[in-house]
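S.K.: quick one: sequence plus predicted model below, questions after.
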Amino acid sequence: MAKLDSKIPKGRLADKWTLYKEYQKIVSPANKRKIDIIVVGTGLAGGAAAASLGELGFNVKVFCIQDSPRRAHSIAAQGGINAAKNYPNDGDTIYRLYYDTIKGGDYRGREANTYRLAEVSNNIIDQCVAQGVPFAREYSGYLDNRSFGGAQVSRTFYARGQTGQQLLLGAYGALSKEIKKGSVKLFTRREMLDLVIMKDGRARGIIVRNLFTGEIERHSAHAVLIASGGYGNVFFLSTNAMNSNGSAAWRAYKRGALFANPCYVQIHPTCIPVHGDYQSKLTLMSESLRNDGRIWVPKKKEDAQKIQRGEIKANDIPEEDRDYYLERRYPAFGNLVPRDVASRAAKERCDAGFGVGKTGLAVFLDFKDAIKRLGRDVIEARYGNLFQMYEKIVDENPYEVPMRIYPAIHYTMGGLWVDYELQSNIPGLFVAGEANFSDHGANRLGASALMQGLADGYFIIPFTMQNYLADQIAVGKITSDSEEFDQAEKEVRERIDKLMSINGTETVDSIHKRLGHIMWHYVGMARNKEGLEKAISEIQALRKEFWTNVRVPGKTDGINIELEKALRVADFLELGELMARDALHREESAGGHFREEYQTEEGEALRNDKDFMYVAAWEYTGDDKEPMLNKEKLVYEETEVKQRNYKTA
Amino acid sequence: MDLKLKIWRQSSRDAKGKFVDYEVHDISSDASFLEMMDLLNEELVEKGEEPVAFDHDCREGICGMCSLFINGRPHGPDTAITTCQLHMRKFRDGDTIVIEPWRAKPFPVIKDLIVDRSAFDELIQAGGYISASTGGVPDANAIPVNREKAELAMDAAACIGCGACVAACKNASAMLFVSAKVSQFALLPQGKIEAKDRVQKMVAKMDELGFGNCTNTYACEAECPKEISITNIARMNREFFKAKVS
Ligand SMILES: Cc1cc2nc3c(=O)[nH]c(=O)nc-3n(C[C@H](O)[C@H](O)[C@H](O)COP(=O)(O)OP(=O)(O)OC[C@H]3O[C@@H](n4cnc5c(N)ncnc54)[C@H](O)[C@@H]3O)c2cc1C
Ligand code: SF4
Ligand code: FES
């Protein structure tokens, strides 16, 4: 049984981070030069951390899969980033941002971490503006804000529909500056395939595959930071980039790091619906669209059926026959309810037969009223590029006909377990960004992932890592010439050789698609005991089939894209099972985890605080063995825990 | 629809490449171009052949990873989009499509349709940033920015670093890419302090890396998926001149 110590500092919620910083140990400038740090990932979390650690004077080695750090998946974030600046004077405070986030997460997040996130949010905006991030501005020249789901204030900063891009390019600039200076060494097209842990239990390095040459490389350091993003691609179809994967985190899990809350997955309500089995990925339509777009389906089932058959169009349905179901069910928040609530409401309508589109698995997102109220120009200025993107994909003009949208897998709240310092249970292994579990509980609010990535990278890791490294000055250079590295490298080579030698008949993608089907049907938007049990046995069977019948052509030296995919899917086939197990054990509904057995009469999620107010941190015990459950009890010292209510308050 | 494909295959950086003919059948016109490529690759793998290697990631036109010269045009026949945003409805049943990698000296082909664009990273490292270290910066609203200038800066900042401008240019010039970065910062008050140094270093690096000169053919602007304007090049030239004379 692992020992779980969340290391939450003493003191009032608002004082904890200040107190922590006052007492943490730091490393002197002369000693920083003697310390090596590995950062896996160049997204917002990894990029910001690597740049900031380099600025401090540490020797940083940073790794990414893509050909440039600028291409990390963070680049695709559209809508915006939250901060408690209260520039619009609409009543925002750090506590309010904290409260919205913990409530949005259905009281399954850790109070102290989430509060700290809100606390540093304002520094992020300052930092990004100083870097030249071109946020949207008002005519006065001051920064503009928009609203996002789960909040009643306007606190989201944005750069058109490309906020993630601009924030990432800011971090990439900072990183480039450090690469030039020589404090950061960049390794692109490298994929981490294992974590190396020494006999004393400390993480000291990684094994990577050079995706250009196929070489297996060893890299050693005093500490390792994993910032490898989320694992949404378990589902095959998701809004994540094609190369997003769970392997870095999964390999750490198999070396003893705990995996927390794997079943908390976010399904985003506004994505372009699935339209063919040839699809490789789904496209998100930013949540910001819910600021001005109204979501509806026909009130009459006959109308819905006629639309499905293509006999009538959305615009043929008169106003009185439209059901704006979010406004009807949740008058206080309307179209701006949190994502999990909006997604389930869409599913509910479609399952009841009111869905639109050929498949009946879509709802309308309509801008007619907004265009009437504000004019087409204003809508174009706000969402022009999103509308263009929609039109390119669907071949319909959203200025004239409502968009069709449906929920899709988008984000994973679960991830490697970390303490207040963002350190896992393995000493020297830190985890940041979407790869950790820490700040969003069972559901993440929009515009909070960017905030978390940059908070972790710029403002938290540079402090907390030093607290660990202060004791490491005396150990001297870490070499990769050791038994532990030999062993890890050997295991990686064996795994690759095994995959290459199976030479079966199934392609990697076809197995990945089948895994995606199982996950979507049984571990998706609505789950139940029977389905989850079925999922576990089906995944086990599929995993067996993979290891006996997959086909990976080509050679191991040089670029081999099938091998890259195979290594990732092999890990997804294990991670998927853990997600199902976690979902099965959590006999309650919370945030993105909806168990059909646990709902109110009105179909809202029903938590069970008495039995499940804890973080489920799973421990690896061996292949094909049941993992062990560790519980971190969640204690809310200064937060009133309530049933979420988006109807009246 | 059924299509014939002529695809550049090259096993490694030093190997000689050649066009290989393929056919794909029953492609939906709603499929994206890269989904069509996925289907081709599935078939190749099923036959035990090596799939065609191409770069891609976000598949929504923002990461800049996808490339491809399609029928002689970077990012294919449509305008203002990347290859991953191209849809098959732009083609007709029975068409032959020629697919090549970016061809430019500073972007060597590594395998099939994959090229090495690390030269772009080096250009940014030469000075494409504001050197603000983490912490110690003023409140975000302490630096008001003229809205029009902020919008222009955003236009320039929208560059995704795909390299189509270089691939489209007969001189393999990186002027559009570099000028977009230089412009973004020249337009913002925060960027002014290092402006001179930035433009000089980035231009020098461009020459060093073997990118060609700009001879005003505007092919870059025409092929840029993000519609980065060549007025950025003019602005960069002014910045460069200012830096030289002062
Ligand atoms: C379409 C879309 C829109 C979004 N919009 C918003 C939004 O508006 N607001 C918001 O707050 N959030 C948004 N999000 C969520 C947010 O973008 C992500 O959660 C966040 O960017 C994740 O950042 P990260 O740094 O943790 O990881 P990522 O950006 O995913 O970076 C992962 C990095 O790790 C590297 N890596 C991964 N595995 C390995 C390995 N094995 N070896 C080496 N390197 C590896 C990758 O190469 C990459 O550099 C959106 C997400 C999507 C999909
Ligand atoms: S300027 Fe345009 S074509 Fe050139 S790299 Fe940027 S986005 Fe691509
Ligand atoms: S795959 Fe990202 S821009 Fe095309």
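M.R.: Great, that's in hand. Ligands and ions are numbered 1, 2, ... in the order given.
S.K.: going by C-alpha atoms from here, please, whenever you check contacts or count neighbours.
M.R.: Will do.
S.K.: just give the nearest non-adjacent residue to the most centrally placed residue in chain B, would you?
M.R.: Central residue of chain B (CA atoms, centre = their mean): residue B:162, 1.9 Å from the mean position. Computed as CA to CA, 6 or more residues apart in numbering or on different chains, the closest residue to residue B:162 that is not its neighbour in sequence is residue B:64, at 4.3 Å.
S.K.: contact partners for the one you found?
M.R.: Residues counted as contacts of residue B:64 (CA atoms under 8 Å, 6 or more residues apart in numbering or on different chains) are A:71, B:82, B:160-162.
S.K.: which parts of chain B are strands?
M.R.: Along chain B, counting by DSSP state E, strands occupy B:3-9, B:18-24, B:69-70, B:73-74, B:96-100, B:109-111, B:114-115.
S.K.: make JSON lines out of the contacts of residue B:64 and add pLDDT and distance to residue A:126.
M.R.: Rendered in JSON lines, the data for these read as follows (pLDDT from 0 to 100; distance: CA to CA, whole Å):
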{"residue": "A:71", "pLDDT": "98", "distance to residue A:126": "24"}
{"residue": "B:82", "pLDDT": "97", "distance to residue A:126": "32"}
{"residue": "B:160", "pLDDT": "98", "distance to residue A:126": "24"}
{"residue": "B:161", "pLDDT": "98", "distance to residue A:126": "26"}
{"residue": "B:162", "pLDDT": "98", "distance to residue A:126": "29"}
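S.K.: from those, pick the one nearest residue A:548.
M.R.: Residue A:548 lies nearest to residue A:71 out of the contacts of residue B:64, by CA to CA, at 34.4 Å.
S.K.: mind checking how far the residue in the stretch 301-450 of chain A that ligand 2 sits nearest to is from residue B:78?
M.R.: With CA to the nearest ligand atom, the shortest gap between the stretch 301-450 of chain A and ligand 2 falls at residue A:385, namely 14.5 Å. Taking CA to CA, to the nearest Å as the criterion, residue A:385 is separated from residue B:78 by 16 Å.
S.K.: same deal with residue B:37?
M.R.: Applying CA to CA to residue B:37 and residue B:78 gives a distance of 17 Å.
S.K.: same deal with residue A:468?
M.R.: Distance from residue A:468 to residue B:78, by CA to CA: 53 Å.
S.K.: between these two, which one's more packed in?
M.R.: residue A:468 (19 against 16; other CA atoms under 10 Å in any protein chain shown).
S.K.: who are the contact partners of residue A:560?
M.R.: So residue A:560 contacts A:211, A:214, A:554, B:53 (CA under 8 Å, 6+ apart).
S.K.: at 10 Å instead, please
M.R.: Going by CA atoms under 10 Å, 6 or more residues apart in numbering or on different chains, residue A:560 touches A:211-214, A:552-554, B:50-53, B:111.
S.K.: ok, of those residues, which one's closest to ligand 1?
M.R.: residue A:211 (10.2 Å).
S.K.: need the contacts of residue A:560 in TSV with distance to ligand 2, can you?
M.R.: Shown next, in TSV, are the contacts of residue A:560 (distance: CA to the nearest ligand atom, whole Å):
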residue	distance to ligand 2
A:211	23
A:212	22
A:213	26
A:214	28
A:552	33
A:553	33
A:554	31
B:50	29
B:51	26
B:52	23
B:53	20
B:111	21
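S.K.: gap between stretch A:496-509 and the chain center?
M.R.: The chain centroid and the centroid of stretch A:496-509 are separated by 29 Å, computed with CA atoms, centre = their mean, to the nearest Å.
S.K.: run through who's touching that stretch.
M.R.: Outside stretch A:496-509, the residues touching it (CA under 10 Å, 6+ apart) are A:236, A:280, A:491-494, A:515, A:545-556, A:562-570, B:38, B:41-48.
S.K.: with respect to residue A:174, which of the strands of chain B lies nearest?
M.R.: strand B:114-115 (25.3 Å).
S.K.: I'd like to know which elements that closest one is packed against.
M.R.: In this structure, strand B:114-115 packs against no helix or strand, with contacts taken as 3 or more CA pairs under 10 Å, 6 or more residues apart in numbering or on different chains; DSSP states H and E.
S.K.: what does chain B have sitting close to ligand 2?
M.R.: Listed as neighbours of ligand 2 in chain B under the rule CA under 6 Å from any ligand atom: B:159-165, B:176-177, B:224-226, B:228.
S.K.: out of those, which comes closest to residue A:612?
M.R.: residue B:160 (44.7 Å).
S.K.: what about the closest one, neighbour count?
M.R.: 23.
S.K.: and it, its phi and psi?
M.R.: Torsion angles at residue B:160 (phi, psi; degrees, to the nearest 10) stand at phi -100, psi 0.
S.K.: state the distance from residue B:58 to ligand 1.
M.R.: 8 Å (CA to the nearest ligand atom, to the nearest Å).
S.K.: thought that residue was touching residue B:34?
M.R.: No: in this structure, residue B:58 is not within contact of residue B:34 by CA atoms under 10 Å, at 11.4 Å.
S.K.: identify the contacts common to the two.
M.R.: B:66, B:84.
S.K.: how about low-confidence regions in the stretch 351-500 of chain A?
M.R.: Scanning the stretch 351-500 of chain A for pLDDT under 70 picks out no residues.
S.K.: quick one: the strands in it?
M.R.: A:363-366, A:403-412, A:415-416, A:429-431 (DSSP state E, counting those that start in this stretch).
S.K.: now render those strands as CSV, adding distance to residue A:522 and mean neighbour count.
M.R.: As requested, the strands of the stretch 351-500 of chain A are arranged in CSV below (distance: least, CA to CA, whole Å; neighbours: other CA atoms under 10 Å in any protein chain shown):
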stretch, distance to residue A:522, mean neighbour count
strand A:363-366, 22, 25
strand A:403-412, 13, 26
strand A:415-416, 20, 29
strand A:429-431, 29, 28
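S.K.: between the ones you listed, which gets nearest to residue A:485?
M.R.: So among those, strand A:429-431 is nearest, using CA to CA, at 16.0 Å.
S.K.: quick one: that closest one near ligand 1?
M.R.: No: residues of strand A:429-431 contacting ligand 1 under CA under 6 Å from any ligand atom: none, with a closest distance of 9.3 Å.
S.K.: so what does that strand touch, helix or strand wise?
M.R.: Using 3+ CA pairs under 10 Å, 6+ apart, strand A:429-431 sits against strand A:36-40, strand A:203-210, strand A:223-226, strand A:415-416, helix A:461-469.
S.K.: neighbour-wise, which of residue B:58 and residue B:34 wins?
M.R.: residue B:58 (25 against 21).
S.K.: nearest spatial neighbour of that one, chain-adjacent residues omitted?
M.R.: Nearest one to residue B:58, counting by CA to CA, 6+ apart, is residue A:241 at 4.2 Å.
S.K.: got a pLDDT number for the one you found?
M.R.: As predicted, residue A:241 sits at a pLDDT of 98.
S.K.: count the residues that sit near it.
M.R.: If we define neighbours as other CA under 10 Å, then residue A:241 has 24 of them.
S.K.: check contacts around it.
M.R.: A:71-76, A:232-233, A:281-283, B:56-60, B:63.
S.K.: repeat that for residue A:293.
M.R.: A:287, A:335-336, A:364-371, A:379, A:402-403.
S.K.: which among those residues end up buried?
M.R.: A:287, A:335-336, A:364-368, A:370-371, A:379, A:402-403 (16 or more other CA atoms under 10 Å in any protein chain shown).
S.K.: same list, these, but as JSON lines with distance to residue A:414 please.
M.R.: JSON lines is the format used below for those (distance: CA to CA, whole Å):
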{"residue": "A:287", "distance to residue A:414": "21"}
{"residue": "A:335", "distance to residue A:414": "26"}
{"residue": "A:336", "distance to residue A:414": "24"}
{"residue": "A:364", "distance to residue A:414": "30"}
{"residue": "A:365", "distance to residue A:414": "29"}
{"residue": "A:366", "distance to residue A:414": "33"}
{"residue": "A:367", "distance to residue A:414": "34"}
{"residue": "A:368", "distance to residue A:414": "38"}
{"residue": "A:370", "distance to residue A:414": "36"}
{"residue": "A:371", "distance to residue A:414": "39"}
{"residue": "A:379", "distance to residue A:414": "35"}
{"residue": "A:402", "distance to residue A:414": "34"}
{"residue": "A:403", "distance to residue A:414": "31"}
